[in-house]
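*Asks:* Please find the sequence and the predicted model below.
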Amino acid sequence: MAVTEEAPEVRAREPGPSVKPRWCLGTRLLVGASVLWAVLLVLHVLLAGRWWPWLVVEAVPPVALVAVPLLLLALTPLARPVRRWLAAALVVPLAVGAYLADLVPGFPDGAVRGTEVRVFAWSTDYWQMTDDKDAFYAFLRRQDADVYLLQEYLYWVDDRPVRIDDAARLRREFPGYRLSVEGELLTLSRLPVVAEHHREVPASGDGWYWQGAKTQRTDIRAGGRTVSFYNVHLPVPFRVGDNPLGSGFRGFLKEQYDRRDRELSALRADLKANPHPAVVAGDFNSPWMGRLRPLGAGTEGHRPDGSPFAGFSWPVSDYPLPRLWRLDWLFTGGGVGVPDYRLGGGEAFSDHVAQRVRVVVPEDAS
């Protein structure tokens, strides 16, 4: 008789305890770098323009606020256990960075009825000290602007500012223009000048430069209205090439921060008390104006027309650095429109490109 073997009893296995996947070193580093970047971004928003040591961080090109999260996003596939939520989380600092860096295309203002004024604003790199003087003036004349807002109307010799007086040549080159000088700031206008606003200048030594005004206001008649044109050149935060570990670097940084803060406060106060429409342009020596360092008083910042990269204005020459900073800015207030705003020109003479602007002063509503 055949003997049948009993089938072994099949027992259901009890589910064992779940094992969480362990993060490899690469995942940990990527998550840590993303958290660190988010913290730095928050600190930048809180400290830019408010704490003097942060001036060093403010020197970082704004494009870094987009480049770093993009790089982290490109590496997220390496963090396999958390790649999805990490990628989603990085979208936030990417969007915030693009907003703060102002990397959006510029578009001209819509139709504004009023009087058109052509403005040319430029940091001249110590006037024509080392340039062909005739070529320099020929370049300025070609701009055919109604208002010129020019900075660095001075020479720089042996690490010291030197006053200059080129008024005679300027009057020959620009007949019919009114000249207004405030320290190293020069405004030329072929429109009627209503008033010049000057601040008291220290008389001794180099005080006219180191303690003198870094903003110049000239009230000009455009059409039937008075418009205040502000010519601005804020102090540099530090000198390119200085040793950051040197004894004088920290003191100069703090001193420059105090000067910049005083000048910005004075400019904001003047704008707030000014009943006229305003055009503010010049070299602010900061890539964070507008978003992180607004002027207030109802002013509006403008981007040059064109691509997101059309707004880079420095450095142009003599620096082994790419043009990744925008230090030259334009603000308007009181309903002034900007139908055309471009950066370009002056590369043969200065480390800054020029601001070429058409503004429209609105008709008086009254």
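*Replies:* Nice, thanks for sending it over.

*Asks:* Check whether I220 sits in a helix, strand or coil.
*Replies:* Taking DSSP: H, G, I helix; E, B strand; the rest coil as the rule, one finds I220 in the strand state.

*Asks:* Bridged to it, which residues?
*Replies:* With DSSP bridges as the criterion, I220 is bridged to V193, V227.

*Asks:* what's the distance between it and R323?
*Replies:* Using C-beta to C-beta, to the nearest Å, I220 is found at 32 Å from R323. From N, CA and C alone the C-beta is placed, and that goes for glycine too.

*Asks:* And L267, by the same measure?
*Replies:* Distance of L267 to R323, computed by C-beta to C-beta: 26 Å.

*Asks:* For these two, indicate the residue with more neighbours.
*Replies:* The neighbour count for L267 versus R323, taken as other C-beta atoms under 10 Å, is higher for L267 (24 against 18).

*Asks:* so where is the chain shaky, pLDDT-wise?
*Replies:* Flagging of the chain using pLDDT under 70 yields the residue ranges 1-22, 106, 110, 203, 365-366.

*Asks:* In it, which residue is most central in space?
*Replies:* Taking C-alpha atoms, centre = their mean as the criterion, P287 is the residue nearest the geometric centre of the chain, at 2.9 Å.

*Asks:* for it, phi and psi?
*Replies:* Taking degrees, to the nearest 10, you get phi -90, psi 10 for the backbone angles of P287.

*Asks:* now Y155
*Replies:* According to degrees, to the nearest 10, the main-chain angles of Y155 amount to phi -110, psi 160.

*Asks:* Can you name the residues bridging to it?
*Replies:* The residues that Y155 bridges to, once DSSP bridges is applied, are V162.

*Asks:* What's the local residue count around it?
*Replies:* Using other C-beta under 10 Å as the criterion, Y155 is surrounded by 16 other residues.

*Asks:* can you tell me which helix in this protein is longest?
*Replies:* helix 247-273 (DSSP state H).

*Asks:* What are the boundaries of the helices in the stretch 101-250 of the chain?
*Replies:* Ranges of helices in the stretch 101-250 of the chain, per DSSP state H, counting those that start in this stretch, are 133-142, 167-173, 207-210, 247-273.

*Asks:* May I see the buried residues of the last one?
*Replies:* Buried positions in helix 247-273, judged by neighbour count with 16 or more other C-beta atoms under 10 Å: 253, 256-257, 259-260, 263-264, 267, 270-271.

*Asks:* now R250: how far from F238?
*Replies:* Applying C-beta to C-beta, the value for R250 to F238 is 10 Å.

*Asks:* picking up where we left off before, indicate which one of the helices of the stretch 101-250 of the chain is closest to A95.
*Replies:* Across those, the minimum distance to A95, taken as C-beta to C-beta, is reached by helix 247-273, at 27.7 Å.
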